[in-house]
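Q: let me see the structure of the following:
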Amino acid sequence: MILDTIDNLQLYADINPLFGEVVRFMKENDLSTLATGRHDIMGDDLYVNIAEASPRTREEAKLESHRKMIDIQIPLTASEEMGYTPLCDLPEAPYDEGKDIAFYNETPQSYFEVTPKQFVIFFPHDGHAPAISPRPWRKAIFKVKA
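A: Sure, this is the predicted structure:
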């Protein structure tokens with residue numbers, strides 16, 4: 001997991017060949033004006049989901065993980081709390097290959113806040129419980145092929 005400011009996102013471009021495309025897309029597009037839903041950048045290998053949701057508590061947020069994709073999550077309208085547990089500390093869970101997601105019933109080991117001026121990167125080895133917020137929110141979730 002990586003948590004940093006949006007201004008530093010380009011520093012991580014060498015981690016994955018598609019991260020540079022995320023940086024380019026963000027320079028060419030105002031995320032706050034994109035319509036809710038999926039926006040393809042490089043087909044199924046790289047796209048961004050603009051999501052909106054209602055308030056959610058820690059108890060309502062489930063830990064999840066992905067095997068094929070890396071998440072780069074960026075709150076757009078409000079700070080968001082997220083939970084974290086390394087995948088190695090989580091039990092086996094049913095995996096939905098079509099949706100590339102597994103959910104866990106465990107409580108996250110830790111919580112942290114992500115502001116609209118920050119991003120968080122979750123790799124396949126990161127269990128994460130996103131979208132904990134006392135108010136409605138809007139965010140960008142870049143899905144990057146691992």
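Q: would you mind measuring from M26 to L46?
A: M26 sits 12 Å away from L46, going by C-beta to C-beta, to the nearest Å. For glycine as for every other residue, the C-beta is placed from the backbone atoms N, C-alpha and C.
Q: tell me the spacing between D30 and L76.
A: Distance, D30 to L76, using C-beta to C-beta: 10 Å.
Q: more neighbours: which of these two?
A: Counted by other C-beta atoms under 10 Å, D30 and L76 do not tie: L76 has more neighbours, with 17 against 7.
Q: before we move on, the earlier item: which one's more surrounded, M26 and L46?
A: Set side by side, M26 and L46 show more neighbours around L46, with 22 against 19, by other C-beta under 10 Å.
Q: for the more buried one, give me phi and psi.
A: Dihedral pair for L46: phi -160, psi 120, per degrees, to the nearest 10.
Q: who does it bridge with?
A: Beta bridges link L46 to V144 when assigned by DSSP bridges.
Q: so how far is D40 from it?
A: With C-beta to C-beta as the criterion, L46 and D40 are 8 Å apart.
Q: ok, now V120?
A: 22 Å.
Q: and if you look at M69?
A: Distance from M69 to D40, by C-beta to C-beta: 14 Å.
Q: equivalent analysis for R24, please.
A: Separation of R24 from D40 (C-beta to C-beta): 14 Å.
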